[in-house]
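**Q** Test case, fold it:
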Amino acid sequence: MSLFGILHDCSVQKIGNFDACWAALNFMPEKLLLNKKARRNILIKTGAMKKITNLLFAAIICLNGFSQPAKFKLPGDIELIKISGDAYIHVSYTNLPQYGRIGANGLLLTDKNEAFLFDSPWTDTQTRQLLTWLNDSLRVAITGFVPNHWHGDCMGGLGYLKKQHIPSYANQTTIDIARKEGLPVPENGFKDSLELHLSSKLIKCYYLGAAHSIDNIVVWIPSEKILFAGCMVKSMDSKNLGNTADGDLKAYPVTIGRLMEKFQDAKMVIPGHGQAGGFELIRHTLELSAK
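**A** Next up, the predicted model:
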């Protein structure tokens with residue numbers, strides 16, 4: 001998406017937050033836009049967003065056709081990447097002793113002033129920071145939450161979400177494991193599949209079998225043709241399946257085979273870690289699971 005598109009979205013969603021507008025300009029490489037002082041002057045002279053038209057024309061002149069996904073840096077070592085008109089990947093980072101600094105992907109689906117969150121950041125604090133930014137800058141409120149499985153990179157922020165009285169939905173096995181492990185427990189369980197609605201948007205959740213964990217699910221957004229596959233699917237630069245301590249290596253290729261058959265029309269596939277891509281991520285994961 002071009003910067004024009006980003007700022008247009010800001011104006012449509014009536015973002016009056018100076019920091020959000022500054023982020024929209026600041027994520028661009030300086031050589032392709034303006035130097036730092038010029039960017040700040042644009043915002044000051046336009047009154048942040050009151051005269052958005054002037055800012056849009058400045059962006060058009062400077063970019064001249066440049067296009068890339070909008071990427072915002074949020075407090076708490078979190079990134080938000082816009083991947084379609086109504087969908088974002090949120091990436092939160094933490095340091096793990098055996099891996100070092102690692103990012104975990106989640107999905108955000110919006111419709112007007114509401115949104116569904118799929119996987120939370122690692123901690124309650126990061127989750128609070130994400131929701132605060134979404135409310136202040138995108139003017140959206142989270143109305144539902146679905147974790148991919150029971151690990152901390154999926155539902156580490158569930159405690160905070162429950163305090164905000166946000167409904168949560170999960171595989172019944174995820175609920176059972178969370179209860180056994182003494183973790184915050186999602187409220188609403190399902191076994192094979194679940195359909196949810198965000199205003200006019202349909203959300204489909206499926207359990208296709210064990211892989212990375214015995215409870216991992218996938219989320220399909222038909223309107224966007226986005227598959228949030230989570231940790232069962234690996235990014236193209238992955239050399240192995242990663243952590244499978246709570247998974248099932250025998251079932252792994254079988255589950256991925258079901259995934260390949262069911263979502264052949266997926267335009268974007270989002271793994272639990274690393275860069276999103278297309279259907280090639282599923283094929284790559286199948287090859288890894290067969291080794």
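
**Q** mind showing which ranges of the chain have poor pLDDT?
**A** Scanning the chain for pLDDT under 70 picks out 1-68.

**Q** Show me the domain layout of it.
**A** Split into domains by automatic domain parsing, the chain comes to 3-63, 71-289.

**Q** Is it possible to get TSV of those that adds mean neighbour count?
**A** Backbone N, C-alpha and C define where each C-beta goes, glycine included. Formatted as TSV, the domains of the chain follow (neighbours: other CB atoms under 10 Å):
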stretch	mean neighbour count
domain 3-63	16
domain 71-289	19
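
**Q** Keeping just the C-alphas, turn the strand ranked longest in the chain into CSV.
**A** Using DSSP state E, we find that the single longest strand of the chain is strand 100-111. Output of strand 100-111 as CSV, limited to C-alpha atoms (Å, rounded to 0.1, in the frame of the first residue of the first chain):
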residue,chain,number,x,y,z
GLY,A,100,17.2,-14.8,21.9
ARG,A,101,15.0,-12.0,20.6
ILE,A,102,12.0,-13.5,18.8
GLY,A,103,8.9,-12.1,17.2
ALA,A,104,5.5,-13.7,17.2
ASN,A,105,2.8,-12.9,14.6
GLY,A,106,-0.9,-12.3,15.3
LEU,A,107,-3.8,-11.1,13.1
LEU,A,108,-6.1,-8.2,13.6
LEU,A,109,-9.3,-8.0,11.5
THR,A,110,-11.3,-4.7,11.6
ASP,A,111,-14.7,-3.6,10.4
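
**Q** got the angle between the very next helix or strand once past that strand and strand 100-111?
**A** Following strand 100-111 in sequence order, the next helix or strand is strand 114-118 (DSSP states H and E). Strand 114-118 runs at 150 degrees relative to strand 100-111, counting by axes from the mean of the first three to the mean of the last three CA atoms, to 10 degrees.

**Q** From the chain's centroid, how far away is the helix or strand following strand 114-118?
**A** Next in sequence after strand 114-118, counting helices and strands by DSSP H and E, comes helix 124-133. How far helix 124-133 lies from its chain's middle: 14 Å, per CA atoms, centre = their mean, to the nearest Å.

**Q** which helices and strands sit right next to the longest strand of the chain?
**A** strand 87-96, strand 114-118, helix 152-155, strand 193-198, strand 201-206, strand 218-221, strand 226-230, strand 268-271 (3 or more CB pairs under 8 Å, 6 or more residues apart in numbering; DSSP states H and E).

**Q** I'd like these as a markdown table, with distance to Ile256 appended.
**A** Converted to a markdown table, the helices and strands packed on strand 100-111 look like this (distance: least, CB to CB, whole Å):
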| stretch | distance to Ile256 |
| --- | --- |
| strand 87-96 | 21 |
| strand 114-118 | 19 |
| helix 152-155 | 18 |
| strand 193-198 | 18 |
| strand 201-206 | 13 |
| strand 218-221 | 11 |
| strand 226-230 | 9 |
| strand 268-271 | 12 |
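
**Q** re earlier: compute the inter-axis angle for the longest strand of the chain and strand 226-230.
**A** With the same axes, to 10 degrees as the basis, strand 100-111 and strand 226-230 are set at 150 degrees to each other.

**Q** got the angle for strand 100-111 vs strand 87-96?
**A** Using the same axes, to 10 degrees: strand 100-111 against strand 87-96 is 160 degrees.

**Q** Just the angle for strand 100-111 relative to strand 193-198, thanks.
**A** Between the axis of strand 100-111 and that of strand 193-198 there is an angle of 60 degrees, by the same axes, to 10 degrees.

**Q** Partner strands of strand 100-111 and their direction?
**A** Applying DSSP bridges, strand 100-111 is found paired with strand 87-96 (antiparallel), strand 114-118 (antiparallel).

**Q** export these to TSV and tack on distance to Gly274?
**A** Below are the strands paired with strand 100-111 laid out as TSV (distance: least, CB to CB, whole Å):
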stretch	distance to Gly274
strand 87-96	10
strand 114-118	17
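
**Q** Can you check which of the ones you listed gets nearest to Ala276?
**A** Ala276 lies closest, by CB to CB, to one member of the strands paired with strand 100-111: strand 87-96, at 6.3 Å.
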